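Undergrad: What would the 3D arrangement of this be:
(one chain, ligands or ions: 1)
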Amino acid sequence: MYSKAVLEKAREEGEVLTFDDVTLKEGYAEVMPKDVDVTTRFTRNIGLKIPMVSAAMDTVTEAPMAIELAKLGGIGVIHKNLTIEEQAEHVARVKHNLHGFVDRPTYVKEDDRVESILAKGYKYRSFPVINGEGKLVGIVTGNDFDFCTDNSVPVSQIMSRDLFTMPVGTDINAAYEIMTKRKKKILPIMNGNGTMAGMFVYSDVKRVKTRSNETYTVDSKNRLRVAAAVGTGDKALERIQALVEQDVDAIVIDTAHADSKPVKDTLIEAKRVYHSLEFVVGNVSSRESAERVLSWGADAIKIGQGPGSICTTRIVAGIGRPQISAVYDCYKAIGDEIPLCADGGLRFPGDIVKAIAAGAHYVMMGKMLAGTDEAPGDIIFVEGRQFKTYRGMGSLEAMQNEGSKERYHETEEVKDRMVPEGVSGRVPYKGKLATVMIQYVGGLRKGMGYVGAATIEQLREKGDFDKMTNAGISESHPHDVEITSGSPNYSKEK
Ligand code: XMP
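TA: Numbers count the residues shown, from 1 in each chain. Predicted coordinates for the structure are as follows:
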């Protein structure tokens, strides 16, 4: 219906284009930016409220990034430069951040000392208390801890024994009503045999019920969603098992070259074992590779070979494809059959709009998120200015970890013999993720308004490009003025 003539012609002529090579054409609009619908699909069956995902990188996504991004409507992919236990722990932190219904509560035992519970540094302070036989005998809450004058006593001395429980089958609406009426912070839900099936936690039930979570990406139990990266082979299958035990929502089989036998074998075996789990598979950059990965059963495909800000793959290995052409090629092959992720190379909010208009369902960002508070690592000061470290997963530093070595098929243990495909660097500190995302989502909405696309699907279909010249690129940036005051969404440093 709509043609992307510039991209199609380039494809026919074997010319490959990237973000600065193209600019979006305006279109007739009946929809205003504030009214466009930016929801999309992450995998076949998982939806997102904004088309933005954080990169599976050790300077970008651990639990804090995944929690905040899911609250803003996207999803984070926990990186794999962690032990299996550590990665599963990050997934658990996201899944436990917001509970509609907690089916695996953290219990304390009646003879646990108050000081030993406090020393564990739990984020929450309300717990069911069980006896030696595992039977529920009380509830202890923040108030009980606050008014405790001797922390050496067992929890049985400060807990409330006045148990109010409900049977399995109690839904969130009934729970909210009962907890509000009876002023209960925890509502244990009991199986017929007297064991506890789980519990509702009032603060979360209230958030869910009062819809203050309406921007959140949540699962059917109203828990935040999270994905996690794995490599290939038996180690990946072991990792997946641990992640599934923590209720991970999707797995990203994350390699630099997905069109390969190890990825194929891992995907097929993992899908055989975990029928209902969904897999994002990457990375590819061509039509044929995307088709093959789809045929092995991928539930989404990640596109990008060498566009990333910290990547040196194209320089070191001479391969890769400029990202707008890579995305368009895969879009031509896959259409809407499964979601497509444009991974890497985004520098400005406008690049997000271009990536989706070229055919992606969502974008994955590393550099654009690495400077935020939620990214791992401390702020560093250089000549009075604030930065955060950002490094490629294929950099020498990151490849000291197994996860990175596997991603880049690195088998050497000795640093001097490794062949890195990325660099380490730093990016300007950006503050809170939520503030930064206002600009990214705002830019996307504006772009959709200009194109006249009411939905992400329409942007994918209608988005059409003109080709740029160097003069056009210079004209696009502020020019012939000295910038005197900063803008929240534009800086020379990109
Ligand atoms: P941006 O441009 O958002 O890119 O910083 C993030 C994406 O880059 C990929 N990545 C790498 N690619 N060498 C590479 O060739 C590396 O060391 C490297 N580290 C990350 C990855 O796909 C990420 O999402």
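Undergrad: Enumerate the residues of the chain near the ligand.
TA: Residues of the chain lying near the ligand by C-beta under 6 Å from any ligand atom: 55, 57, 283, 304, 306, 308-311, 313, 343-346, 364-368, 392-395, 421-422. (Each C-beta comes from the backbone N, C-alpha and C, glycine too.)
Undergrad: Recalculate using a threshold of 5 Å.
TA: Applying C-beta under 5 Å from any ligand atom, we find that the chain lies next to the ligand at 55, 308-309, 311, 313, 343-345, 364-367, 392-394, 421-422.
Undergrad: Thr23 looks like it's in a helix, true?
TA: No: counting by DSSP: H, G, I helix; E, B strand; the rest coil, Thr23 falls outside a helix, being strand.
Undergrad: Verify the contact between it and Thr469 for me.
TA: No: in this structure Thr23 lies outside contact range of Thr469 using C-beta atoms under 8 Å: 10.3 Å.
Undergrad: And those two? Which one has more around it.
TA: For Thr23 and Thr469, the more surrounded residue by other C-beta atoms under 10 Å is Thr23, and the numbers stand at 16 against 10.
Undergrad: ok, and the helix or strand in the protein with the lowest average confidence?
TA: helix 402-407 (a mean of 75; mean pLDDT, DSSP states H and E).
Undergrad: residues of it that come out buried?
TA: 403-407 (16 or more other C-beta atoms under 10 Å).
Undergrad: Find the closest residue to the ligand in the stretch 101-250 of the chain.
TA: Closest contact between the stretch 101-250 of the chain and the ligand, by C-beta to the nearest ligand atom, is at Ala229 (9.5 Å).
Undergrad: now swap in the stretch 201-350 of the chain and tell me
TA: Using C-beta to the nearest ligand atom, the single residue of the stretch 201-350 of the chain nearest to the ligand is Gly308, 2.6 Å away.
Undergrad: Dihedrals phi and psi, the nearest residue to that residue once chain neighbours are set aside?
TA: Leaving out its chain neighbours, the residue that sits closest to Gly308 by C-beta to C-beta, 6 or more residues apart in numbering is Gly344, at 3.6 Å. Main-chain torsions, Gly344, degrees, to the nearest 10: phi 100, psi 160.
Undergrad: Contact partners for Gly344?
TA: By C-beta atoms under 8 Å, 6 or more residues apart in numbering, Gly344 lies in contact with 55, 304, 306-309, 311, 323, 364, 366.
Undergrad: Val316 - that's part of a strand, no?
TA: No: with three-state DSSP as the criterion, Val316 is helix rather than part of a strand.
Undergrad: separation between it and Leu444?
TA: Counting by C-beta to C-beta, to the nearest Å, the gap between Val316 and Leu444 amounts to 33 Å.
Undergrad: The two: which is more packed in?
TA: Set Val316 next to Leu444 and count neighbours by other C-beta under 10 Å: Leu444 wins out with 24 against 15.
Undergrad: mind checking the SS state of the more buried one?
TA: helix.
Undergrad: wait, isn't it in contact with Thr40?
TA: No: with contacts counted by C-beta under 8 Å, Leu444 stays clear of Thr40, the gap being 10.6 Å.
Undergrad: Touching both of the two, which residues are there?
TA: Counting by C-beta under 8 Å, 6+ apart, the contacts common to Leu444 and Thr40 are 50-51.
Undergrad: Show me what the mean pLDDT comes to for stretch 47-63.
TA: For stretch 47-63, the mean pLDDT works out to 98.
Undergrad: Surely Phe301 is within a strand?
TA: Check again: residue 301 is Ile, not Phe. Yes: using three-state DSSP, the assignment for Ile301 is a strand.
Undergrad: ok now do it, which residues does it touch?
TA: Ile301 makes contact with 258, 280-282, 284, 290, 293-294, 330, 334, 338-341 under the criterion C-beta under 8 Å, 6+ apart.
Undergrad: Pick out the residue of this structure closest to the ligand.
TA: Nearest to the ligand, among the residues of the chain, is Gly422, at 1.9 Å (C-beta to the nearest ligand atom).
Undergrad: got the phi/psi numbers for that residue?
TA: Main-chain dihedrals, Gly422, degrees, to the nearest 10: phi -160, psi 170.
Undergrad: who's it bridged to?
TA: Cys311 (DSSP bridges).
Undergrad: Might one say that it is in contact with Ile315?
TA: No: here Gly422 does not reach Ile315: they are 10.4 Å apart, not a contact under C-beta under 8 Å.
Undergrad: What pLDDT does the model give the closest residue to Ala434 other than its chain neighbours?
TA: Closest residue to Ala434 apart from its sequence neighbours, by C-beta to C-beta, 6+ apart: Leu72 at 6.3 Å. We have a pLDDT of 96 for Leu72.
Undergrad: Please apply the same query to Glu493.
TA: 60.
Undergrad: Check Met399 too.
TA: What the model reports as pLDDT for Met399 is 84.
Undergrad: ok, now which ones touch Lys184?
TA: The neighbours of Lys184, taking C-beta under 8 Å, 6+ apart as the test, are 164, 178, 202.
Undergrad: Strands along the stretch 1-150 of the chain, start to end?
TA: Counting by DSSP state E, counting those that start in this stretch, the stretch 1-150 of the chain has strands at residues 22-24, 40-41, 47-48, 52-54, 75-78, 101-102, 108-109, 127-130, 136-140.
Undergrad: Point out the most buried one among the ones you listed.
TA: Stretch with highest mean neighbour count among the strands of the stretch 1-150 of the chain: strand 75-78 (a mean of 30; mean count of other C-beta atoms under 10 Å).
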